Every structure is written in structure tokens, then in C-alpha cells.
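S.K.: Sequence plus the predicted model coming up.
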Amino acid sequence: MSDIPKGLAPARYIGGHAVELGPGQRYYNIDGTPRRSRMLEHGDELLMRDEDVHGKTLWHDPHYSLPSIKVGLGRVVMPQHAGLSNEELALIGYEWHMGRSDVEALEPIADTAPAHEVLADSAVASQVVAPDGEARIIESPVETAKAAESENS
Amino acid sequence: MAVIVPIRSDNSYIGLAKEVTPGTPVAPTTFPRWQSLSIEIDAKMEDIWEVDGSRRLSTIIKNRQMVKIKFTAALRPIELGLIESAAMGASSDTYTGPTVNTTLSSGSSIGATSISVAANTGLTGSTVIPLVIDAGLATEEIALFAPPVTGAGPYTLNVSNTYNGGNGLKFAHTSGHTVQGAANHVMVDQSDGAYWTFEVGLGTLFGAGGTTLRVRTCKIETCKRSAKAGGLLMHDIEVVGIASTVQGSPATVTLESHQPFLFTQSAWTVDGATTGDAPNLKSFDIEQKNNCDVDIQTEQLTLAAIIYGMLTVGVGFDVVFTAASKIYQTYFGSTTGTTDAQALGLGSLLVTFTQPDTLQTVQYSILTLAYTKIGMPAPNKDGKHYSLNVSGTSIASPLAGVGVNNAYMLQTTVNNTQYSGY
């Protein structure tokens, strides 16, 4: 599956009615070859935006000062926040996006998916991308910001 | 000199999906083909004037931020049901599965004048009925059939000779595939709405730049259905949402493969009659305002919740002036009134749009319509026809004036091929 274009994931359409794939985009079969048919019917397989297949996790600074971060595909929790309840995670800025309800993933989330991606320009580099793609999160943006503050003071 | 690469203004899309967990965004699954589209980040700013001996503005702070989205679309039957259910509110859809729900016992070919089906439930009468074969597949075909079936199972069901010019089925179909009647969705206004996620791509199609914004935790503020002579049934939707997030790439846009409804497909019953003004409508609109409360803000910059406020359903229609009864009804107390009266002119409204396949329909029903204004026909020396502009509001009081209040302000009934509740 190494030929899969970046940001796409193999999926099966399980919607109840046939749909037409919209113009303006290129579509790929799950082997990475261009998809020729614009019709998508129940059971068809294709590559779709990975976050629409798996969902994604974002982190927003509850105090609106740090840039938001894409923590990763699927439901991901930073190691230092493991064990917190959903309510607690939401309070410190976690936001989970669910995938499309009319598709199902054909493969688990790729290990090579970036662990951290800043959603907007950042004045403070508050995240670290795992070099080997395995360690999903190294430190939280909140802790990084605190560390930067203490260094400056 | 280098040229710039401008972004086409039509490289945009809107998509939506219902949030399973309120506050948790979800990737959109329905993408109406829009005819107008706008999104506004509604930020409330406050000038901070502090007295420090100067006359200079100290600073500006942002008090609140929310999102407003507007779009206009000629909705297809399945997405129409989705939008109607979103506007009506949470759990507004009462779904009834089709009476005819069977499968092909053997394959059929193009031009087939009969099919073989496994069950005869709903197929023993003698009325021509529409059925859909292969719903959900590219070979979906809504055809007319002429019961009763014959045989002892599997059963033979004839294709109506009024379908496809008497030339039988248009597509070949595989044994075992479904043969179904219409799915029925009845939706009425609810006390509050579910939360939805909307996603707007601004210039992000065709590999262009632009941006894609996903707006979570939205509710429909207004939903206006309208059409005019010869035109499409249109929906004008206004949405309010709590928070937005920039997406890294555009969604996979998927479009429903059915046709929109036309004004020429409508049949009207006005004040209980199909005569009088009913066949003389030139245009109409039914506007539902949910009057959402968008002032629920706590410690966050964004809203903590959105709830439906008081509901109003307004109706307007233009009718070719052939009788003065609507004027009398509105201002003189009855269709035959002759002088000022306090009594409201009350009526009702029922309109059904039916697509040519006769399976896909949408019906709007208002049980008590209080006429509030009639635009009096303006004398004009051009000699052309008069039109009456009629305005009314749906009210809960029963039309008869006694008894329990109406069960709804507006009821939308959709027959389509969405075989599950919205």
C-alpha cells in the first residue's frame, strides 16, 4: 500500500444509496490506481480522506492562546493524559472528530501517520513529531509552553 | 512578470452530518449541490476605552465567536428528508418501512415486462404502484408495476405498460436484489434540535488553495421552502454553529443521484379545497424559524450550547386574482364577510410534490393557517393580470376553534429510498 497518496486511507462505502463522486477531485482505488467510475455504490472500495475514514483527535488550548494541534488520526490521547475521563480530557482541550458514518475502514490506522501537526502558524513550537512514527506524543503543548515560560523568566 | 493563481469562486462545497455525541464533530456525509453559499465567523468585538488622560482607544477584545452559514439548494429526495429532519428537531422522523419489501427470485434483463419476486406482501391489489429495484446500487430503477402477482411463489409481477413507454425495464437486475416500495418519513416540529456538523470548503476543490472550515455543534436557525411557477423546489437554510476548525484537505464530496422536485409537480389543497385559489398559485414559501438562543456563553469564547426558541412557521403565496374571497376571509371574518371583523381568517394548507416516478414525494401540511395580510391588488393601467400576495402564520389552535391544539405547526412527509430513520 506504499503507493497510496498522502492523506488517504482505504475504505468501503456502506451508505444506503448510490452516490456520485463530486467533480474537482481525483479518486483512487485502494491499490492506488486512478478510479474511473464516478458512481459509488454500497460495498465499493476506494481511498478517502483518512480523517474521514478514521476520525481524528485535535487539541485546542482552552485559553485560546496556543495554536490548535492535530494530535493524530482516530481517538488518540497523549501519554501524560492517559487515564483521564472524557470530561476531563474535553476540559483540557481535546476534541475528537468522528469519521464518516457511511464508510468503514479497511485497514487500521497507518503507523506512519504524523503524530502531531499544528493546524495554524505557531509562534511557539509546542509539539514534537515522533521521528520513528511509533511514539505518538512526546510532550503536551501545555507543558511545552510552561517550560518556555519558565525559561524566559 | 509572474501571474497570480486566483481561486475560482465556485470551487466550494457544503457538507453536513448529524453529531452522534453533541459537541463531537463528525465528518460530513451529505453534500447538497448549492446555488448560493456563505459562511460568516461572527466575532463580537468590544472597544475598550480607558481613561488615562488621552483620547486613545486602549485596546479591543473579542467577547464571543460563533459561526453562521447560509446556503440555498434544490434538494434531492434523500437529502431533503435529512435537512427537513434537521430543521424540525431531534428525533423528528417517524420512519415506516415499505410494505413491499422483497427480492428478485431470478435475474431480469433490459426490456423485461415482468419480474419474479419472492414474496407477495403488498402485491395482491390491482392498483399500479411504483417500486424500486436495486436501491443503493448504480442500477437503481424506480418502475411502475401492475399487481396482482400471479403464481404460488416465486410470484410473477408485471411491469406496467405505462412505464418506459411500454418497453419494460430500463436496466438488467441480478437475482436476489431488492424490490421495495417507498420508505416513509413523517417529520414534525420538536421542542429542540439535534446538533449537526457542517463543513464548508472555500475554494478547496480542484486542488486549489482556499480553506476548508468544519463547524461543529450547529442547529438550523431557519428553513425556507419555496418555489415559483416552472421552477425548482428550493430550500434556503440558515445555520448557527458553536465552533470552527480549519481542515487540512477537502472532504470526498458525494452527491445524491436523484432529481430535485419541480413546482409543476405540486398539487395544492388550500383551505381544504383543491379548487378556488388552490390551482392558481404562482409561487409560495413556507419559512420555519427556530429562533435559536445563541446567548448561552459561559467561561469559553464560544457558546456553551444552542437551543431552539419559539417556533414560527410563516407562509406566503402569490395567487392569480380570480376571486376576492381571500380578502374577505382575512379582513372581514369569512370568505363571504362584508365588513370589518376581529375574527381571524383561518384556513389550512396541504401541498404534495410528486416526482414522475410517483415514488418520491414530499408533502407539507399546516393544519391551521391564520391569514395575516393580503396585498390588495394594485390597479394598473397596463391591463395585465392582478396577483394577490397572501401571508399567513401557522398557529396551534385548531381550525374548528374548539378541541385540542394541533399536534404540529408544520408536518413534512417524505417518501424516498432512505430505508432507515434520519
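M.R.: That came through, no problem. Numbers count the residues shown, from 1 in each chain, chains lettered A, B, ... in the order given.

S.K.: Break chain A into its domains for me.
M.R.: A:8-49, A:51-152 (automatic domain parsing).

S.K.: so which of these gets nearest chain B?
M.R.: Among those, domain A:8-49 comes nearest to chain B, with 3.0 Å by C-beta to the nearest C-beta. Every residue, glycine included, has its C-beta placed from N, CA and C.

S.K.: Is any residue of that closest one near chain B?
M.R.: Yes - residues of domain A:8-49 contacting chain B under C-beta under 8 Å from any C-beta of the partner chain: A:15-25, A:27, A:39-42, A:48-49.

S.K.: what's in contact with the longest helix along chain B?
M.R.: Determined from DSSP state H, the single longest helix within chain B is helix B:77-88. With C-beta atoms under 8 Å, 6 or more residues apart in numbering or on different chains as the test, helix B:77-88 has contacts from A:17, B:16, B:18, B:30, B:32, B:73, B:75, B:92-93, B:185, B:187-190, B:193-194, B:196, B:220, B:223, B:235, B:237, B:256, B:258, B:261, B:288, B:290, B:355, B:360, B:362, B:410, B:412, B:414-418, B:422.

S.K.: For chain A, which residues are neighbours of chain B?
M.R.: So chain A meets chain B at A:7, A:15-25, A:27, A:39-42, A:48-49, A:51-52, A:55, A:58, A:60, A:62, A:64, A:68, A:70, A:90, A:95-102, A:117, A:119-120 (C-beta under 8 Å from any C-beta).

S.K.: Now, the residues you listed that are in strands?
M.R.: Among the residues of chain A next to chain B, the subset assigned to strands under DSSP state E consists of A:19-21, A:39-40, A:48-49, A:58, A:70, A:95-97, A:117.

S.K.: quick revisit: how far away from the center of its chain is the longest helix of chain B?
M.R.: 5 Å (C-alpha atoms, centre = their mean, to the nearest Å).

S.K.: Give me the next element, helix or strand, following that helix.
M.R.: Counting by DSSP states H and E, the next helix or strand C-terminal to helix B:77-88 is strand B:93-96.

S.K.: The helix or strand following that next one packs against which elements?
M.R.: Where DSSP H and E defines the elements, the next helix or strand beyond strand B:93-96 is strand B:101-103. Other helices and strands packing on strand B:101-103, by 3 or more C-beta pairs under 8 Å, 6 or more residues apart in numbering or on different chains; DSSP states H and E, are strand B:178-180.

S.K.: Is there contact, residue-wise, from the strand it packs on to chain A?
M.R.: No - applying C-beta under 8 Å from any C-beta, one finds strand B:178-180 out of contact with chain A, separated by at least 10.7 Å.

S.K.: Sheet-wise, list the partners of that strand with their directions.
M.R.: strand B:101-103 (antiparallel), strand B:129-133 (antiparallel) (DSSP bridges).

S.K.: Next, the angle strand B:129-133 makes with the helix or strand that that strand is followed by.
M.R.: Following strand B:178-180 in sequence order, the next helix or strand is strand B:183-188 (DSSP H and E). Interaxial angle, strand B:183-188 versus strand B:129-133 (axes from the mean of the first three to the mean of the last three C-alpha atoms, to 10 degrees): 110 degrees.

S.K.: Show the subsequent helix or strand relative to strand B:183-188.
M.R.: Criterion used, DSSP H and E; the element after strand B:183-188 is strand B:196-202.

S.K.: Quick one: residues contacting B:A229.
M.R.: Contacts of B:A229 (C-beta under 8 Å, 6+ apart): B:F263, B:K282, B:S283.

S.K.: let's see it at 6 Å
M.R.: B:K282 (C-beta atoms under 6 Å, 6 or more residues apart in numbering or on different chains).

S.K.: Tell me where the model's unsure across chain A.
M.R.: For chain A, applying pLDDT under 70 flags the ranges A:1-5, A:111-153.

S.K.: Skipping adjacent residues, who's closest to B:A407 in space?
M.R.: Closest residue to B:A407 apart from its sequence neighbours, by C-beta to C-beta, 6 or more residues apart in numbering or on different chains: B:V188 at 6.8 Å.

S.K.: and that neighbour, how many residues sit next to it?
M.R.: Each residue near B:V188 was counted by other C-beta atoms under 10 Å in any protein chain shown, and the total is 18.

S.K.: Likewise for A:G32?
M.R.: Quick note: A:G32 (other C-beta under 10 Å) scores 14 neighbours.

S.K.: and it, that one's in a helix?
M.R.: No - assigned with DSSP: H, G, I helix; E, B strand; the rest coil, A:G32 falls outside any helix and is coil.

S.K.: which residue sits closest to B:S109 in space, ignoring its chain neighbours?
M.R.: B:A172 (5.0 Å).

S.K.: now that neighbour: how far from chain A?
M.R.: The gap separating B:A172 from chain A is 15 Å, by C-beta to the nearest C-beta, to the nearest Å.

S.K.: Hmm, that residue is touching B:S106, no?
M.R.: No - with contact defined as C-beta atoms under 6 Å, B:A172 does not reach B:S106; the gap is 11.7 Å.

S.K.: can you tell me the distance between the two ends of stretch B:109-126?
M.R.: Distance between the boundary residues of stretch B:109-126 (C-alpha to C-alpha, to the nearest Å) amounts to 24 Å.

S.K.: Around residue 11, how many other residues sit close by?
M.R.: In the absence of a named chain, chain A is used. A:A11: 26 neighbours (other C-beta under 10 Å).

S.K.: Please refer instead to chain B.
M.R.: Neighbours of B:N11 (other C-beta under 10 Å): 18.

S.K.: I'd guessed it sits against B:G203; true?
M.R.: Yes - contact criterion C-beta under 6 Å: B:N11 and B:G203 qualify, at 4.6 Å.

S.K.: Spell out which parts of the stretch 51-200 of chain B neighbour chain A.
M.R.: Contact residues (C-beta under 6 Å from any C-beta of the partner chain) of the stretch 51-200 of chain B with chain A: B:I78, B:G136, B:L137, B:A138, B:E140.

S.K.: which pair in the residues you listed spans the largest distance?
M.R.: Among those, the pair separated by the greatest distance (C-beta to C-beta) is B:I78 and B:A138, at 15.5 Å.

S.K.: Hmm, B:F317 and B:S391 touching each other?
M.R.: No - with contact defined as C-beta under 6 Å, B:S391 does not reach B:F317; the gap is 8.6 Å.

S.K.: which of these two has more neighbours?
M.R.: B:F317 (24 against 16).

S.K.: Please, which helix or strand holds the more buried one?
M.R.: Here B:F317 is assigned to strand B:312-320, by DSSP H and E.

S.K.: Are there helices or strands packed against that strand, and which ones?
M.R.: strand B:281-289, strand B:387-394 (3 or more C-beta pairs under 6 Å, 6 or more residues apart in numbering or on different chains; DSSP states H and E).

S.K.: nearest residue to B:S397 other than its sequence neighbours?
M.R.: B:T368 (5.8 Å).

S.K.: Also B:T322?
M.R.: Per C-beta to C-beta, 6+ apart, closest to B:T322 is B:N280, 6.0 Å.

S.K.: for B:S175, same thing?
M.R.: Here the residue nearest B:S175, using C-beta to C-beta, 6+ apart, is B:G107, at 4.5 Å.

S.K.: can you check B:Q190 too?
M.R.: In space, B:Q190 is closest to B:G89, 2.9 Å off (C-beta to C-beta, 6+ apart).

S.K.: now do B:K219
M.R.: B:G193 (4.5 Å).

S.K.: pretty sure B:Q329 is in a strand, no?
M.R.: No - using three-state DSSP, the assignment for B:Q329 is helix, not a strand.
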